[in-house]
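# sequence unavailable; structure follows:
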């Protein structure tokens, strides 16, 4: 017993010595702010030196990364097989900050591995439904929001675009805002006006979805999620059915965005995902923007942001007014489309009870895109 204890003590004492013997490249700095060039993109003040951290990790999917301090720099050519690159930043000649560059496949590369679905997956999924524009609640939405005037008297597509532009311009996006208790178009707009605030992407898509339904246009809002089961960011957009085109099309009120192929044909979520994976041409509308300030690019919006968020897709079974407002005794059903390498394939049907508010979520999973993208009856 004593011999074993002495051995453990010896190993413990040896570890700092071994660590000290390993030599890392060192760069110097007098300022805590660092610029980083990741491939061809240079970001000013992208990094802050924190000596108190045991290890500060910068994650990249690039081929070359350069750190620029105020007086020094260091570059690494990234080899995916090496995975990590360690170095030390010496701040003010005395404080050391151990830093690591870690390679991680890009979100687009991860999405490419999620290409496969199963068209032979015939596990039961209930039929999607769409509330009639004659429903009293949707009639109210149409009248109170003056949607006939906003949509205009043009073609179906012009109405679809007019409604999206209107929602985008009416309400700012605020991803950090709390969700109001009443989650329908009329009350959400009232809250935003009264409190001079914005809402997150889910609430924007909810407003737009009800506007489409009120005008007799079939639509669903769709939650676009990454591969991870726990995440701090996803995105919600609208899938809108065009009778004239006989297909679903992509409408994103947060970014006032829609997507086309190289010939200017409008694309749906399914097509955008497939084209990203197969690296086929995609065209983002030139005026896609965030809060009417920051223009979006195809590279940032589609190849990075949406490539991350098109891994798993979820949508409510019933597209209707006030669909996600918590009311005691309410059941809300969702369907999730996930690829064959999704992390959680079962159970195929799951119930989650929110006992505090008396609401139940019923969740179905499918690997069959034909069931998920079925056209409205």
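Good, I have the coordinates. This one's a predicted model, so the numbers in the text were calculated from it and none came from an experiment. Residues are numbered from 1 along each chain as shown.
# when you work out contacts or count neighbours from here on, use the C-alpha atoms and nothing else.
Noted.
# distance of the residue positioned nearest the centre of the chain from residue 310?
Compute the mean C-alpha point of the chain, and by CA atoms, centre = their mean the closest residue is residue 234, 3.0 Å away. Using CA to CA, to the nearest Å, residue 234 is found at 9 Å from residue 310.
# and stretch 328-347, end to end?
25 Å.
# contacting residues around it?
Contacting residues not belonging to stretch 328-347 are listed as 113-118, 125, 227-229, 311-318, 323-324, 357-369, 372 [CA atoms under 8 Å, 6 or more residues apart in numbering].
# in that stretch, what counts as buried?
For stretch 328-347, the neighbour count (16 or more other CA atoms under 10 Å) marks 331, 332, 333, 334, 335, 336, 337, 338, 339, 340, 342 as buried.
# cool, and stretch 242-260?
So, applying 16+ other CA under 10 Å, buried residues of stretch 242-260: 242, 247-260.
# among those residues, which ones are in helices?
With helices defined by DSSP state H, no entry of the buried residues of stretch 242-260 lies inside them.
# which of the residues you listed fall in strands?
The strands, defined by DSSP state E, take in 242, 247, 248, 249, 250, 251, 259, 260 from those.
# ok, back up a step: and the pLDDT for the residue nearest to the centre of the chain?
Looking at residue 234, its pLDDT is 97.
# same deal with residue 197?
In this model, residue 197 carries a pLDDT of 96.
# for it, the count of nearby residues, please.
14 (other CA atoms under 10 Å).
# who's in contact with it?
With CA under 8 Å, 6+ apart, residue 197 has these contacts: 171, 172, 174, 191.
# buried ones in stretch 313-333?
313-324, 326, 331-333.
# from these, which land in strands?
313, 314, 315, 316, 318, 319, 331, 332, 333.
# out of these, flag the one nearest to residue 148.
Ranked by distance to residue 148 (CA to CA), these are led by residue 319 at 20.5 Å.
# quick one, what contacts that closest one?
Applying CA under 8 Å, 6+ apart, the residues contacting residue 319 are 128, 129, 130, 131, 219, 220, 221.
# out of those residues, who has the most neighbours?
Going by other CA under 10 Å, residue 220 tops the contacts of residue 319 with 28 neighbours.
# pairing partners for the helix or strand harbouring it, with directions?
Here residue 220 sits within strand 219-225, counting by DSSP states H and E. Counting by DSSP bridges, the strands paired with strand 219-225 are strand 235-242 (antiparallel), strand 312-316 (antiparallel).
# turn those into TSV, columns for distance to residue 142.
Output for the strands paired with strand 219-225, formatted as TSV (distance: least, CA to CA, whole Å):
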stretch	distance to residue 142
strand 235-242	17
strand 312-316	22
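# in the helix or strand that contains residue 275, which residues are buried?
Assigned by DSSP H and E, residue 275 belongs to helix 269-278. Within helix 269-278, the residues that count as buried by 16+ other CA under 10 Å are 269, 270, 271, 272, 273, 276, 277.
# domain map for this protein?
Domain assignment for the chain by automatic domain parsing gives 22-104, 110-372.
# quick one on the thing from earlier: mind putting the buried residues of helix 269-278 in CSV, pLDDT included?
Shown next, in CSV, are the buried residues of helix 269-278 (pLDDT from 0 to 100):
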residue, pLDDT
269, 98
270, 98
271, 98
272, 98
273, 98
276, 98
277, 98
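# got TSV for those residues, with distance to residue 302 too?
Below are the buried residues of helix 269-278 laid out as TSV (distance: CA to CA, whole Å):
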residue	distance to residue 302
269	11
270	13
271	12
272	9
273	9
276	8
277	11
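# state the pair within those that is farthest apart.
269 and 277 (12.5 Å).
# re earlier: OK, contacts around the residue nearest to the residue nearest to the centre of the chain when sequence neighbours are not counted?
Nearest residue to residue 234, sequence neighbours excluded (CA to CA, 6 or more residues apart in numbering): residue 225, at 5.1 Å. Going by CA under 8 Å, 6+ apart, residue 225 touches 233, 234, 235, 308, 309, 310, 311, 312, 313.
# any idea which of those is closest to residue 85?
Using CA to CA, the contacts of residue 225 come closest to residue 85 at residue 308, 24.5 Å.
# ok, that closest one touching residue 233?
No: counting by CA atoms under 8 Å, residue 308 does not reach residue 233; the two are 9.6 Å apart.
# quick revisit: doesn't residue 226 make contact with the residue nearest to the centre of the chain?
Yes: look at residue 234 against residue 226 with CA under 8 Å: they come within range, at 6.9 Å.
# common neighbours of the two, please.
residue 309.
# re earlier: are any of the contacts of residue 225 buried, and which?
Of these, these count as buried by 16+ other CA under 10 Å: 234, 235, 308, 309, 310, 311, 312, 313.
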